[in-house]
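> Fold the following and give me the result.
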Amino acid sequence: MKLAFVFPGQGSQKVGMMQDLYNEYPIVKQRFDEADEALGYSITKLCFEGPDTELVKTANTQPAILTASVACYEVLKEKDFTPDVVGGHSLGEYSALVAAGVLNFQDAVRLVNKRGQFMQEAVPIGEGAMAAILALPREQVVEICEKVSATVGSVQAVNFNCPGQIVIAGAKAAVEQAAEEMKAAGAKRAVMLPVSAPFHSRLMEPAAAKLKLELDKVEVRDAQIPVVANVNGKILTKAEDIKESLVIQAAHPVLWEDCVATVIGTGVEGFVECGPGKVLTGFTKKINKDMELANVEDLESLQKTLEFLQGVR
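All right, here's what the predicted structure looks like:
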């Protein structure tokens, strides 16, 4: 069976994540130690002990989830299970690129820490917002965003996650207005999200510019495993294409539904989510109910996934 390994984005973090795998597998401890060294502070302590108020800060959340996700991947790799293609949602794309050999792990940890800082600096806390729109067609979401952008302020669709779930982001007043109009237009729900910045919106352009300078400082290699890109839903393998897509990604929508469709189009029949939570597993189920799905975030889920992988080998 052809397999895709996918990596979650921001929002999947929780205090205590990875502790049992850390205690059981030396490779997990090694990755966490390397992350601490790269950052100059203990992301390990933050993941295991919190406080949650610090873990949810974007500059901490991003390296925490990347470290956890890559560590989950490393355990599977040690067991001799590797993917045919990889992908990640937003921040998760960096985890996928480590798995694909494009980025050195410690470089990636430092990059996403900076990425988090740049994103927070781009829009002061309280000025930006995001909302999840449920059960409204893509065309209507885009149309209402364009209308509100022309009258109230910048707002756009930024995450096309799965059928029936699109996230919008932009200036707070514009997001709130668009959310109300989408409910009036027939959306099942419009939920304001507890985030500190309007990620992937055009308001993130200053962050993208700073991120480009940081990417220029690290080695970006050709992918050893094909990677599906958030910005266009296409498979990329060349270092220069991947680097360009990462810069664009910071201030452009995540086309996750398209990414999953592309991966399935390569003949993949099974998805393994590596990292905290099962958000991507839920999206995949809604995109294509015929896929075999598994995830690794702790010892229990690892055991189930190893049994599944051994069964389809």
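> Tell me where this protein has strands.
With strands called from DSSP state E, the chain shows them at 3-7, 85-88, 128-134, 155-162, 165-171, 189-192, 227-228, 235-236, 270-274, 292-296.
> Redo the ones you listed as JSON lines? Include mean neighbour count.
(Glycine included, C-beta is placed from N, CA and C.) Shown next, in JSON lines, are these (neighbours: other CB atoms under 10 Å):
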{"stretch": "strand 3-7", "mean neighbour count": "28"}
{"stretch": "strand 85-88", "mean neighbour count": "29"}
{"stretch": "strand 128-134", "mean neighbour count": "23"}
{"stretch": "strand 155-162", "mean neighbour count": "23"}
{"stretch": "strand 165-171", "mean neighbour count": "26"}
{"stretch": "strand 189-192", "mean neighbour count": "15"}
{"stretch": "strand 227-228", "mean neighbour count": "26"}
{"stretch": "strand 235-236", "mean neighbour count": "20"}
{"stretch": "strand 270-274", "mean neighbour count": "26"}
{"stretch": "strand 292-296", "mean neighbour count": "21"}
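> As TSV, these with mean pLDDT would be great.
Output for the strands of the chain, formatted as TSV (pLDDT from 0 to 100):
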stretch	mean pLDDT
strand 3-7	98
strand 85-88	98
strand 128-134	97
strand 155-162	98
strand 165-171	98
strand 189-192	96
strand 227-228	98
strand 235-236	98
strand 270-274	98
strand 292-296	98
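> Reformat the ones you listed as a markdown table; add distance to V260.
Below are these laid out as a markdown table (distance: least, CB to CB, whole Å):
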| stretch | distance to V260 |
| --- | --- |
| strand 3-7 | 8 |
| strand 85-88 | 8 |
| strand 128-134 | 18 |
| strand 155-162 | 8 |
| strand 165-171 | 13 |
| strand 189-192 | 22 |
| strand 227-228 | 8 |
| strand 235-236 | 12 |
| strand 270-274 | 8 |
| strand 292-296 | 11 |
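> Flag the helix or strand of this protein with the lowest per-element mean pLDDT.
helix 52-55 (a mean of 93; mean pLDDT, DSSP states H and E).
> Quick one: list the elements packing against that helix.
Counting contacts by 3 or more CB pairs under 8 Å, 6 or more residues apart in numbering; DSSP states H and E, helix 52-55 packs against helix 43-49, helix 58-78.
> buried residues in that helix?
L55 (16 or more other CB atoms under 10 Å).
> now it: how far from the chain's centre is it?
When distances are taken as CA atoms, centre = their mean, to the nearest Å, helix 52-55 is centred 19 Å away from the chain's centroid.
> can you check stretch 185-205 too?
15 Å.
> just stretch 7-18 next, same as before
10 Å.
> how about that stretch as PDB, C-alpha atoms only?
The C-alpha trace of stretch 7-18 is given here as PDB (Å, rounded to 0.1, in the frame of the first residue of the first chain):
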ATOM      1  CA  PHE A   7       2.000  16.600   9.900                       C
ATOM      2  CA  PRO A   8      -0.300  18.800  11.900                       C
ATOM      3  CA  GLY A   9      -0.200  22.600  12.200                       C
ATOM      4  CA  GLN A  10      -0.800  25.000  15.100                       C
ATOM      5  CA  GLY A  11      -3.600  24.300  17.500                       C
ATOM      6  CA  SER A  12      -2.800  20.600  18.100                       C
ATOM      7  CA  GLN A  13      -0.500  21.400  21.100                       C
ATOM      8  CA  LYS A  14      -1.300  20.400  24.600                       C
ATOM      9  CA  VAL A  15       0.700  20.400  27.800                       C
ATOM     10  CA  GLY A  16       2.100  16.800  28.500                       C
ATOM     11  CA  MET A  17       2.200  15.800  24.800                       C
ATOM     12  CA  MET A  18       4.900  13.300  23.900                       C
END
